[in-house]
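In: quick one, fold the following:
(2 chains)
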Amino acid sequence: MDRESLIKKWLGDTLTEEEAKTFRTLDDAPLYKEIVEEARRFHGTSQVRVPTFEELEKNLYTSRKVPRNWIRIVSGIAAAFIISIGLYTLIDKFGTTTYRTDFAQIKGIMLPDDSSVRLNTLSQISYNGNRWDEERKLTLNGEAYFDVARGRRFDVSTLNGTVSVLGTEFNVLSRDSIFVVSCFEGLVGVNYGNKTVQLPAGSKLTLSAGGDATTSKIYVSEPYWLKGLSVFKNAPIVDVISELEMQYRIKVDYQSEKKLHFTGAFEHTHLENALRSITQPLNLIYVITDKNVVTIRDARNQ
Amino acid sequence: MIFFYLSVFNQRNQLLQKPLHQNICDKLRFSKLYEKYAQTLSNILLYKYGSLANPSDKVQEAFIKLWENCSKITPQAAKSYLYTTANNMMLNEVKHQKVVLKHQQIKPRDYTNESPEYIMRKNEFLQRFERALSELKEEERVAFLLSKAEGKTHKEVSETLGITKKVAEHRIYAALHKLKDALEELKQR
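Out: So this is what the prediction gives:
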């Protein structure tokens, strides 16, 4: 066995009796022994002793619960926040009132203040009655006539734009992409896209599908539908027919090829009268084929 | 006093109820860790960097850090976390400071029957030993002192340092060899 592995074995305390004898014969054996024996004087614990855990604990206490507590506090706040938002929206939902009209139906609604709304056929408004005192705001889809009591700002928000006003009478029609605001008294502000238009009494704003707005004069004191009339000025016949279909809840089969334009009105209470009002000036005839189906065609074809 | 016992009892109870607790955010568990590793870690740092760099302070700071992050560290990872943290703190401070190790002074009763010449030689021997130790390679010194100052077996040394038994054996041997060379002159005939 070579010297190095002998010494290694001695260091690891794994010498056999035989090998131990050989080791003792080494010239340096006493020195090795002395080195290893005296090495015990360099034990770390005799030089530097760590304090007891109780000592350390004093330093731990200040920083102990801080990280945990923070998580708790933050999550507590977050939970309270989420719950209150949830409750708020829930209460808010409960406070929302919605009115809807069906085919050939007009509804009169009194708002929490003295303002009144007349809701035309197939329209819907909703507002939050609980918050009416803070904010006079309602959402409209369809057509409605507003008589607004004096007071703070009154907002009608629609998909096409927002109409704002202080005590006045005005009509808003917002159906699909059609957006018409008529002002009968006072001054109305119309907000659409990112533009604002001031609409004085006796004028009307029409927003076309292309997004262009035109203002025109109106000479009536109330919208026609309040009196049970639909009034048209140079309107395409298809628009007139769809209005007719909506008011009487019927299906119209229009068989003429002509692209006619209609100026005039039809009433909402008597179907035959209404049909006569439309067909006679345009030289058309109508046939009521079924209870809910009407055929309109050119008079000459007969 | 009664209150104190109660609280200890409760802590034990919690431990029993949650045997699968995955972190060390528990005073009792944490104090066990401290008792197990603090002194050993301080010793290793001392053998590596000497006493001037205050290994005990670094060990305590490392334990405070471990406590602050206790929820993120598993019991298995605690040992290496402590070692790395304390070692990094040490490195930041010492850079290339000279290693100072102090031997335990000879007490008169150690050699009651020895001659004054013998004691003089012994003192000289220990002073040289000290110097020779500080001139060893860091890893050799640590392995040697863990083995011969603390009396750990080669297996224990290798486990403490995370090296193989073979490497531990070699480092201890290399250290002994260098120490012998430095102390050759004082060899007793």
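In: helix or strand right after the one helix or strand in chain B whose mean pLDDT sits lowest?
Out: Of all helical and strand segments in chain B, the minimum by mean pLDDT, DSSP states H and E falls on helix B:2-17, at a mean of 40. Counting by DSSP states H and E, the element after helix B:2-17 in chain order, helix or strand, is helix B:27-49.
In: show me what the following helix or strand past that next one packs onto, helices and strands only.
Out: The C-terminal neighbour of helix B:27-49 among helices and strands, as given by DSSP H and E, is helix B:55-68. Helices and strands touching helix B:55-68, by 3 or more CB pairs under 8 Å, 6 or more residues apart in numbering or on different chains; DSSP states H and E, are helix A:53-64, helix B:27-49, helix B:75-94. For glycine as for every other residue, the C-beta is placed from the backbone atoms N, C-alpha and C.
In: tell me which of these sits most buried.
Out: helix B:27-49 (a mean of 20; mean count of other CB atoms under 10 Å in any protein chain shown).
In: now do it: distance to the chain's middle.
Out: Distance of helix B:27-49 from its chain centroid, counting by CA atoms, centre = their mean, to the nearest Å, is 8 Å.
In: for that helix, name the packing helices and strands.
Out: helix A:44-47, helix A:53-64, helix B:2-17, helix B:55-68, helix B:75-94, helix B:138-148, helix B:154-161.
In: if you average the pLDDT over that helix, what comes out?
Out: Taken as a whole, helix B:27-49 has an average pLDDT of 88.
In: dump that helix to CSV, keeping only the CA atoms.
Out: In CSV, the C-alpha atoms belonging to helix B:27-49 read as follows (Å, rounded to 0.1, in the frame of the first residue of the first chain):
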residue,chain,number,x,y,z
LYS,B,27,-42.0,28.9,16.1
LEU,B,28,-41.4,25.4,17.4
ARG,B,29,-40.4,24.0,14.0
PHE,B,30,-38.2,27.1,13.4
SER,B,31,-36.4,26.8,16.7
LYS,B,32,-35.6,23.2,15.9
LEU,B,33,-34.0,24.3,12.6
TYR,B,34,-32.0,26.9,14.5
GLU,B,35,-30.7,24.4,17.0
LYS,B,36,-29.8,22.0,14.3
TYR,B,37,-28.1,24.3,11.8
ALA,B,38,-27.1,27.6,13.4
GLN,B,39,-23.8,26.6,15.1
THR,B,40,-22.8,24.3,12.3
LEU,B,41,-23.3,27.0,9.8
SER,B,42,-21.4,29.5,11.9
ASN,B,43,-18.5,27.1,12.2
ILE,B,44,-18.4,26.5,8.4
LEU,B,45,-18.4,30.2,7.8
LEU,B,46,-15.7,30.6,10.4
TYR,B,47,-13.5,28.0,8.8
LYS,B,48,-14.0,29.6,5.4
TYR,B,49,-13.6,33.3,6.3
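In: from residue B:102, how far out is residue B:42?
Out: Distance of residue B:42 to residue B:102, computed by CB to CB, to the nearest Å: 14 Å.
In: give me the neighbour count for the nearest residue to residue A:211 once chain neighbours are set aside.
Out: Spatial nearest neighbour of residue A:211, excluding adjacent residues (CB to CB, 6 or more residues apart in numbering or on different chains): residue A:193 at 6.4 Å. Number of residues near residue A:193 (other CB atoms under 10 Å in any protein chain shown) recorded here: 10.
In: residue A:291 too?
Out: 6.
In: tell me how far it lies from residue A:241.
Out: Taking CB to CB, one finds residue A:291 at 18 Å from residue A:241.
In: could you do residue A:163 as well?
Out: For residue A:163, the distance to residue A:241 equals 28 Å [CB to CB].
In: of those two, who's got more company?
Out: residue A:163 (27 against 18).
In: need the per-residue pLDDT for that one.
Out: Value for residue A:163, per-residue pLDDT: 85.
In: that one pairs with what?
Out: Applying DSSP bridges to residue A:163 gives these bridge partners: residue A:156, residue A:190.
In: mind listing what residue 40 touches?
Out: No chain specified, so I'll use chain A. B:148-149, B:151 (CB atoms under 8 Å, 6 or more residues apart in numbering or on different chains).
In: look at chain B instead
Out: Counted by CB under 8 Å, 6+ apart, residue B:40 has contacts residue B:160.
In: after the lowest-mean-pLDDT helix or strand in chain A comes which helix or strand?
Out: Ranked by mean pLDDT, DSSP H and E, the weakest helix or strand in chain A is helix A:53-64, scoring a mean of 72. Per DSSP H and E, helix A:53-64 leads on to helix A:66-94 as the next helix or strand towards the C-terminus.
In: what count of nearby residues applies to whichever residue of the stretch 201-302 of chain A sits closest to chain B?
Out: Here the stretch 201-302 of chain A gets closest to chain B at one residue, residue A:211, 57.0 Å apart by CB to the nearest CB. When neighbours are defined as other CB under 10 Å, residue A:211 has 12 of them.
In: next one: residue A:33
Out: For residue A:33, the neighbour count with other CB under 10 Å is 13.
In: same question for residue A:44.
Out: Residue A:44 has 25 nearby residues by other CB under 10 Å.
In: ok, and the closest non-adjacent residue to residue A:180?
Out: Once flanking residues are discounted, residue A:180 sits nearest to residue A:173: 4.1 Å by CB to CB, 6+ apart.
In: list the contacts for the one you found?
Out: A:120, A:142-143, A:179-181.
In: could I get these as CSV with secondary structure, pLDDT and neighbour count?
Out: Formatted as CSV, the contacts of residue A:173 follow (DSSP: H, G, I helix; E, B strand; the rest coil; pLDDT from 0 to 100; neighbours: other CB atoms under 10 Å in any protein chain shown):
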residue, secondary structure, pLDDT, neighbour count
A:120, coil, 85, 24
A:142, strand, 87, 19
A:143, strand, 87, 22
A:179, strand, 83, 23
A:180, strand, 84, 16
A:181, strand, 85, 28
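In: now, which of those sits nearest residue B:186?
Out: Proximity of these to residue B:186 (CB to CB) peaks at residue A:179, which lies at 107.7 Å.
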